[in-house]
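Asks: Have a look at this prediction, sequence included:
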Amino acid sequence: MPNIAPQPEPLEDLSAPVERPSDGEPTAPRRMSASTVLWVTLAVFAQESVWNFYDAQVPSELRQYIASAGLVGLIMGMDNILGVLIQPWTGFLSDRRARDGKGRWAIILIGAALASVPFALIPWTGGLPLLMLCVVGFAAMANAFKGITETLVSDYVAPSHRGKAQGFVKAGVSLTIVVSSLISLLVVDRSLTLAFAIPPVLMLLLLTTSWFFLGRRHRAAALSHADEPSPSGTLPAPPSTDFASPWAVVKDLVHDPSGARTLLMLGIFCFAGMWSALRSLLTPYGTEVLDLSRGSAGGLALPGAVAFLLCVVPIAYASSRLGQARAMRYGVGLFVVGLLVGFAVPTVPGTVVAMVITSVGYSAFAVNALVALWNLAPSRHVLGTYTGLYTVAASTGAALGPALLGVTVDVTGWRFMLLNGAVFATIAFVVFTRLARRVAPPQH
């Protein structure tokens, strides 16, 4: 096991000047390349466009054969279980390829091509067995490259700018919710087969475009950031201290004396679970409580997606001054408030306002959580693996969240779904409150 000292206060001040190991003189961080961030954002947008439509419409496909909301939620969380099993290993494999200069793109493009087939076949299944085969097949193949695509931010963007770049990436992700909602509103009620064909075609086209502009630059991008320390001022571990397997990385995380990484992972687990539960069960909630059609209920997330898009970049910039842990804490608190508003006003306008508030709260978490975990990584050679560990925390929560919230719906009824979610989200607020108290305020 490599002897790597814990990194001090890694959650703060992402814009601080860095020191070069050769002369020790501070230098200003490199400027963030707008074109690079654009193409990385396009790659993440491509894959998330499929996942958001999957979350919005597959539950309704399952409800044709399954009456229990808890069982539907459990099946919707199954793709996250596969993510826990698959993503740390594919992330570790991509780290090896990135270090050798081969890049991560082969895994991304092959995985996207394979995942597109079962996804497009979902509306063609005539029964539950074939539907489950397509659902599981898509989830397994898509998880193989999902985390690797998100790690592209760490490949092409300098450490001092990753927090800001993540804001633009998440803005792109919010647009996928808009795209998913528009497909639900305009296409689903007319042609379900066409609706399920659009997202994978869009994914393949956009990933190929992003690879065309970025894929050949991977070696140069990786080398240009090789001598930059993390934002906390701690230099990356040299290649001789690389971990031999994902399990070694996990062991190092668990034995971190500060406990910050473990607490952050717990917070990711809790909050990702409730966000996934809300996304997975929102369409059935709209049909059961608000008496909307399936297509109209699928569009309930659209106003929240617009709000996310408008606020995510300003929040990313503000978080570098406020502190990532504090920003995430405030975001989770706002999420709870939004759910309480939706419960108190069970109408279409009330639900739309609730989705706007919860989406703004989620944006504070979305732009900070993964970057914070990257900043805590003991070596730049394990960033892909740490993205996989983020997925372990987020996907485990997302696997259990929809099922847990669905079970409470079975007990209390759909009318109390948002109140039940607020109770569970309060646990995440407590975790991030403890995390915020453990880190120092940002230095200016």
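Replies: On my side now, so go ahead. Note that this is a predicted model, so its numbers are computed, not measured.
Asks: so how far is Val382 from Ser184?
Replies: 38 Å (CB to CB, to the nearest Å). To be clear about C-beta, it is placed using only N, CA and C from the backbone, and glycine gets the same treatment.
Asks: so who does the residue lying closest to Leu152 once chain neighbours are set aside touch?
Replies: Once flanking residues are discounted, Leu152 sits nearest to Val40: 4.9 Å by CB to CB, 6 or more residues apart in numbering. Shown in contact with Val40 (CB atoms under 8 Å, 6 or more residues apart in numbering): Leu152, Val153, Tyr156, Val157, Ala165, Val169, Ser210, Leu214.
Asks: how about a cut-off of 6 Å?
Replies: Leu152, Val153, Tyr156 (CB atoms under 6 Å, 6 or more residues apart in numbering).
Asks: In three-state terms, label Thr396 for me.
Replies: Put simply, Thr396 is helix when judged by DSSP: H, G, I helix; E, B strand; the rest coil.
Asks: Run a quick check on it versus Val84, I expect a contact.
Replies: Yes: contact criterion CB atoms under 6 Å: Thr396 and Val84 qualify, at 5.5 Å.
Asks: Run through the stretch 251-400 of the chain and note the low-pLDDT ranges.
Replies: Along the stretch 251-400 of the chain, the parts satisfying pLDDT under 70 run over 257-258.
Asks: For the closest residue in space to Val254 that isn't next to it in sequence, give its distance to Leu400.
Replies: Closest residue to Val254 apart from its sequence neighbours, by CB to CB, 6+ apart: Thr262 at 6.6 Å. Distance, Thr262 to Leu400, using CB to CB: 18 Å.
Asks: any idea of the mean pLDDT in the helix or strand harbouring Met78?
Replies: Per DSSP states H and E: Met78 is located in helix 69-99. Mean per-residue pLDDT for helix 69-99: 80.
Asks: Extract the CA atoms of the helix or strand following it and return them as CSV.
Replies: From helix 69-99 onward toward the C-terminus, using DSSP H and E, the following helix or strand is helix 105-121. In CSV, the C-alpha atoms belonging to helix 105-121 read as follows (Å, rounded to 0.1, in the frame of the first residue of the first chain):
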residue,chain,number,x,y,z
TRP,A,105,-12.4,7.0,-26.3
ALA,A,106,-12.4,3.4,-27.5
ILE,A,107,-14.3,2.2,-24.4
ILE,A,108,-16.7,5.1,-24.8
LEU,A,109,-17.6,4.7,-28.5
ILE,A,110,-17.8,0.9,-28.4
GLY,A,111,-20.0,1.0,-25.3
ALA,A,112,-22.3,3.6,-26.8
ALA,A,113,-22.8,1.5,-30.0
LEU,A,114,-23.6,-1.6,-28.0
ALA,A,115,-26.0,0.1,-25.6
SER,A,116,-28.0,1.7,-28.4
VAL,A,117,-29.4,-1.6,-29.6
PRO,A,118,-31.4,-2.8,-26.5
PHE,A,119,-32.5,0.7,-25.7
ALA,A,120,-34.1,1.2,-29.1
LEU,A,121,-35.8,-2.3,-28.8
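Asks: Which elements pack onto the next helix or strand after helix 105-121?
Replies: Reading on from helix 105-121 to the C-terminus, the next helix or strand found by DSSP H and E is helix 128-156. With contacts defined as 3 or more CB pairs under 6 Å, 6 or more residues apart in numbering; DSSP states H and E, helix 128-156 has these neighbours: helix 34-62, helix 69-99, helix 105-121, helix 218-224, helix 383-412.
Asks: Include distance to Phe429 when you put those helices into a markdown table, please.
Replies: Listed next are the helices and strands packed on helix 128-156 as a markdown table, based on distance: least, CB to CB, whole Å:
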| stretch | distance to Phe429 |
| --- | --- |
| helix 34-62 | 23 |
| helix 69-99 | 22 |
| helix 105-121 | 35 |
| helix 218-224 | 37 |
| helix 383-412 | 14 |
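Asks: between Thr262 and Leu400, who's got more neighbours?
Replies: Taking other CB atoms under 10 Å, Thr262 and Leu400 do not tie; Leu400 has more neighbours (21 against 14).
Asks: Please name every helix or strand in contact with the helix holding Met78.
Replies: Here helix 69-99 touches helix 34-62, helix 128-156, helix 383-412, going by 3+ CB pairs under 6 Å, 6+ apart.
Asks: ranking those by burial, who's on top?
Replies: Neighbour counts (mean count of other CB atoms under 10 Å) averaged over each of the helices and strands packed on helix 69-99 peak at helix 383-412, with a mean of 24.
Asks: hey, C-alpha coordinates of the following helix or strand past that one in CSV?
Replies: Later in the chain than helix 383-412, the nearest helix or strand by DSSP H and E is helix 417-438. Taking Å, rounded to 0.1, in the frame of the first residue of the first chain, the C-alpha atoms of helix 417-438 are listed here in CSV:
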residue,chain,number,x,y,z
MET,A,417,-44.8,10.8,-2.1
LEU,A,418,-43.2,14.3,-2.0
LEU,A,419,-43.5,14.5,1.8
ASN,A,420,-41.9,11.1,2.2
GLY,A,421,-39.1,12.2,0.0
ALA,A,422,-38.5,15.3,2.1
VAL,A,423,-38.1,13.2,5.2
PHE,A,424,-35.5,11.0,3.5
ALA,A,425,-33.7,14.0,2.0
THR,A,426,-33.3,15.5,5.5
ILE,A,427,-30.9,12.7,6.3
ALA,A,428,-28.6,13.9,3.5
PHE,A,429,-28.8,17.5,4.8
VAL,A,430,-27.5,16.3,8.2
VAL,A,431,-24.6,14.5,6.5
PHE,A,432,-23.6,17.5,4.5
THR,A,433,-23.9,19.7,7.5
ARG,A,434,-21.3,17.6,9.3
LEU,A,435,-19.1,17.7,6.2
ALA,A,436,-19.3,21.5,6.0
ARG,A,437,-18.2,21.8,9.7
ARG,A,438,-15.1,19.6,9.1
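Asks: Helix 417-438 to helix 383-412, inter-axis angle?
Replies: On the basis of axes from the mean of the first three to the mean of the last three CA atoms, to 10 degrees, helix 417-438 is oriented at 140 degrees to helix 383-412.
Asks: Only the buried residues of helix 417-438, if you could.
Replies: For helix 417-438, a neighbour-count test (16 or more other CB atoms under 10 Å) marks 417-418, 420-422, 424-426, 428-429, 431-433, 435-436 as buried.
Asks: Have a look at those and tell me the least confident one.
Replies: For these, the pLDDT minimum is Ala436, 78.
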